[in-house]
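> Could you look at this predicted model? Sequence included:
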Amino acid sequence: MHIHKRLFFGAAAAGLAAGFVNGLFGGAGGMILIPALSLLAQIDEQELFPTCVSVMLPVSLLSLWLGSLYTALPWQDAMPYLIGSAIGGVLVGLFGKKIPTLWLHRILGIMILWGGVRYLC
């Protein structure tokens, strides 16, 4: 992926927004990053989801590190969903290319709507 110079600032703004949301809420930066990179950096849809996954890992690790500095992390409580998340991530990494981009957009949209409704109610 090669970003044209004029799109660099759009990509940087998308990354800033994703990092801000991820740090503020402890996650969900990828939900911001996907539409922002599509709109601001004009990244091809075939590269969009893998790009977001590769960006969110270091952002999440940084959030984890900062969170461990300033809060008590409940490792024993988190272990079941950390293991489940790791398994789910591996499965999507292995089989994710077989999911059409249109369905990835639909799934993401449904998850964003579901999350929004849950927080409004």
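Right, received. Where do you want to start? These figures come from a predicted structure and were not determined experimentally. Numbers count the residues shown, from 1 in each chain.

> For the rest of this, base every contact and every neighbour count on C-alpha atoms.
Will do.

> Give me the pLDDT for I43.
Predicted confidence (pLDDT) for I43: 83.

> Okay, buried residues for the helix ranked longest in the chain please.
Determined from DSSP state H, the single longest helix within the chain is helix 45-70. The neighbour-count check on helix 45-70 (16 or more other C-alpha atoms under 10 Å) flags 48-49, 51-52, 55-56, 59-60, 63 as buried.

> go on, stretch 22-39?
Per 16+ other C-alpha under 10 Å, stretch 22-39 contains these buried residues: 22-23, 27-38.

> so the closest residue to A14 other than its chain neighbours is in which element?
Leaving aside its sequence neighbours, A14 sits nearest to A36 (C-alpha to C-alpha, 6 or more residues apart in numbering; 5.2 Å). For A36, the element it lies in under DSSP states H and E is helix 29-36.

> got the angle between that helix and helix 45-70?
With axes from the mean of the first three to the mean of the last three C-alpha atoms, to 10 degrees applied, the angle from helix 29-36 to helix 45-70 works out at 150 degrees.

> what's in contact with helix 29-36?
11, 14-15, 17-22, 48-49, 52-53, 56, 108, 112 (C-alpha atoms under 8 Å, 6 or more residues apart in numbering).

> Y70: which of the residues you listed is nearest?
Looking at those and their distance to Y70, the nearest is N22, at 15.7 Å (C-alpha to C-alpha).

> Name all residues that make contact with that closest one.
Applying C-alpha under 8 Å, 6+ apart, we find N22 in contact with 28-29, 59-60, 63.

> ok, so of these, who is nearest W103?
Closest to W103 out of these is A28 (19.1 Å), distances taken as C-alpha to C-alpha.

> contacting residues for that closest one?
By C-alpha under 8 Å, 6+ apart, the contact set of A28 is 18, 21-22.

> Which element, helix or strand, includes Y119?
Assigned by DSSP H and E, Y119 falls in helix 101-120.

> got it, and G93?
Assigned by DSSP H and E, G93 falls in helix 75-95.

> what's the distance between the most centrally placed residue in the chain and T51?
Centroid-nearest residue in the chain, with C-alpha atoms, centre = their mean: G30, separated by 2.0 Å. According to C-alpha to C-alpha, to the nearest Å, G30 and T51 sit 10 Å apart.
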